[in-house]
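[1] Predicted model, plus sequence, below.
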Amino acid sequence: MSEQPRHHDMGGRRDGEIERAEHVYDPWEKRVDAMLRLLSSEDRRLIRVDELRRGIESLPADAYDAMTYYERWVSSIVYILTEKGVVTQEEMRDRIAELKANGVGLEQGK
Amino acid sequence: MTAKYQPGERVRVRTDRPSGHCRTPHYCRGHVGEVERICGDFRNPETLAYALDGLPKQPLYRVRFSQADLWPDYDGPKTDTLDIEIYEHWLEPPA
Amino acid sequence: MTTTHDHGHEHGHDHDHTPPPDHDGPWSDFQYMEAALRELLIEKDILTADEIRAQLERMDAISPAMGAKVVARAWTDPAYKERLLADGTAATRELGIEIEPTHLVVVENTAEVHNMVVCTLCSCYPRNLLGLPPDWYKSASYRGRAVREPRAVLREFGTELSDDIALRVHDSTADMRYMVLPRRPERTEGLSESELAELVHRDAMVGVTVVQGP
């Protein structure tokens, strides 16, 4: 087949040696995972795993490569939930601004 | 749904080029393999991904390919294989 | 943990209303996204902080030791092994492990066959059995190469496979999840089931390594 596979469709690429280093997941990464599992549970069904995947697959290739695994996840969850109107872009933008204004996540104040 | 193909039967993966979400890797499209087992009926990820219900369910197969068939430059033994889960609507008879 | 934004503490150490900081450095944009999303979902009564905490506890309780227990049981109980290979989901449930909503396929390594698992499209992994996947499993190089030059990949993991062993790669693309049942090492006849389980590690259940004897 001549057409190029989409970026996430990586089978057959030869990207060099496998980096064996591992990291212990940060609490925020685990919370992203926990939220996805809860949002996709039988009783909520606010997001399906295939929707999560679609959101991740729609990232431009350079963004996909630059982001870590759970960065892709949280971006996709927000993308899908804004698509559905569960949260809005304005709410997200305003809340992030408030967090920053309150010093949450800054180097000194943590 | 009754599965159209049985274990041991040879099948070809369609060469469709969907622009949306799908779970059939590019590298196996157009290749012929053999049904290893029938996994059961599952919702279709191609519509689930767009907030639809994924119905009707699709029979899901594990299809076994010879590595030498998939990759012309495969340098391992001829006995090496690759198993992939593929939904029925992606399969067709090999002829 | 109702909101972090309405009590206006500045640079204090009162974190009653915020989760503990994850890094000493400033947050990335994505950490802000996580925090903002979580707060909004809680405020909208879609999730509760307790549910998130309980989910984290469930996740933290899952580790490769659970898979090792399954392997050791299969090594010591031929009838169990038969059930495990026939229906991994049901056989792991016998040991109190819940795989659903995904389904478990267990593939057995023998003197003639070696199995390894990859997910080329994303990073499907038997999380309910082994916990969260290692970074290398999610890397572009593993996802790309494991199907194309699996023997070279195995060599990087220190696993040399002779040509008279057939290598079966399993690309985990849909609703099944995979666990490799490694070969029981030689000279382990005297070991108990729990001693055997201690020999079994995560990478052998993904199929990139083999289990070594004691």
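    Received, thanks.
[2] per-residue confidence for residue 48?
    Since no chain was named, I'll use chain A. You'll see residue A:48 listed with a pLDDT of 95.
[3] right idea, wrong chain: chain C
    So residue C:48 comes in at 97 (pLDDT).
[4] I figured residue C:83 was touching residue C:92, is that so?
    No - using CB atoms under 8 Å, residue C:83 is not in contact with residue C:92; the gap is 9.9 Å. Using the backbone N, CA and C atoms, a C-beta is placed for each residue, glycine as well.
[5] Those two: who's more crowded?
    Neighbours were counted for residue C:83 and for residue C:92 using other CB atoms under 10 Å in any protein chain shown; residue C:92 has more, 25 against 17.
[6] pretty sure that one is in contact with residue C:70, am I right?
    Yes - counting by CB under 8 Å, residue C:92 touches residue C:70, with 5.8 Å between them.
[7] Now do the shared contacts for those two.
    C:84, C:129 (CB atoms under 8 Å, 6 or more residues apart in numbering or on different chains).
[8] Run through the residues that contact residue B:84.
    Contacts of residue B:84 (CB under 8 Å, 6+ apart): B:24, B:25, B:28, B:33, B:62, B:63, B:65, C:171, C:173.
[9] Quick one: mean pLDDT for the host helix or strand of it?
    Here residue B:84 sits within strand B:81-87, counting by DSSP states H and E. Mean pLDDT, strand B:81-87: 98.
[10] That strand pairs with which strands?
    strand B:58-66 (antiparallel), strand C:166-171 (parallel) (DSSP bridges).
[11] so the helix or strand just after the shortest one versus strand C:166-171, what angle?
    Tracing the chain past strand C:166-171, the next element assigned as helix or strand by DSSP H and E is strand C:176-181. Note on geometry: by axes from the mean of the first three to the mean of the last three CA atoms, to 10 degrees, strand C:176-181 and strand C:166-171 are set 150 degrees apart in direction.
[12] Quickly check: strand C:176-181 near chain A or not.
    No - using CB under 8 Å from any CB of the partner chain, strand C:176-181 stays clear of chain A, coming no nearer than 12.3 Å.
[13] what lines up beside that strand in the sheet?
    strand C:103-108 (parallel).
[14] buried ones in the helix or strand following the strand it pairs with?
    Per DSSP H and E, strand C:103-108 leads on to strand C:113-118 as the next helix or strand towards the C-terminus. Of all the residues in strand C:113-118, those buried under the rule 16 or more other CB atoms under 10 Å in any protein chain shown are C:114, C:115, C:116, C:117, C:118.
[15] possible to save those as a markdown table with distance to chain B and pLDDT?
    Formatted as a markdown table, the buried residues of strand C:113-118 follow (distance: CB to the nearest CB, whole Å; pLDDT from 0 to 100):
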| residue | distance to chain B | pLDDT |
| --- | --- | --- |
| C:114 | 10 | 98 |
| C:115 | 9 | 98 |
| C:116 | 10 | 98 |
| C:117 | 10 | 98 |
| C:118 | 10 | 98 |
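[16] Pick out whichever of those sits closest to residue C:76.
    Distance to residue C:76, by CB to CB, is smallest for residue C:115 among the buried residues of strand C:113-118, at 20.5 Å.
[17] Not counting residues beside it along the chain, what's closest to that closest one?
    Leaving aside its sequence neighbours, residue C:115 sits nearest to residue C:107 (CB to CB, 6 or more residues apart in numbering or on different chains; 4.2 Å).
[18] Please look at that neighbour and residue C:182 and confirm they touch.
    No - Residue C:107 lies out of contact with residue C:182 (CB under 8 Å); the separation is 10.4 Å.
[19] okay, those two: which has more neighbours?
    Set residue C:107 next to residue C:182 and count neighbours by other CB under 10 Å: residue C:182 wins out with 25 against 19.
[20] residue contacts, that one?
    C:71, C:109, C:200, C:204, C:205, C:207, C:210, C:211.
[21] tell me, which of the residues you listed make contact with chain B?
    Counting by CB under 8 Å from any CB, no member of these is near chain B.
[22] can I get these in CSV with distance to residue C:49, pLDDT and secondary structure?
    Listed next are the contacts of residue C:182 as CSV, based on distance: CB to CB, whole Å; pLDDT from 0 to 100; DSSP: H, G, I helix; E, B strand; the rest coil:
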residue, distance to residue C:49, pLDDT, secondary structure
C:71, 37, 98, helix
C:109, 44, 98, coil
C:200, 36, 98, coil
C:204, 38, 98, helix
C:205, 34, 98, helix
C:207, 39, 98, coil
C:210, 44, 98, coil
C:211, 41, 98, coil
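[23] Of the residues you listed, which is the nearest to chain B?
    residue C:207 (12.1 Å; CB to the nearest CB).
[24] show me what contacts the closest one?
    C:107, C:109, C:114, C:115, C:116, C:117, C:180, C:182.
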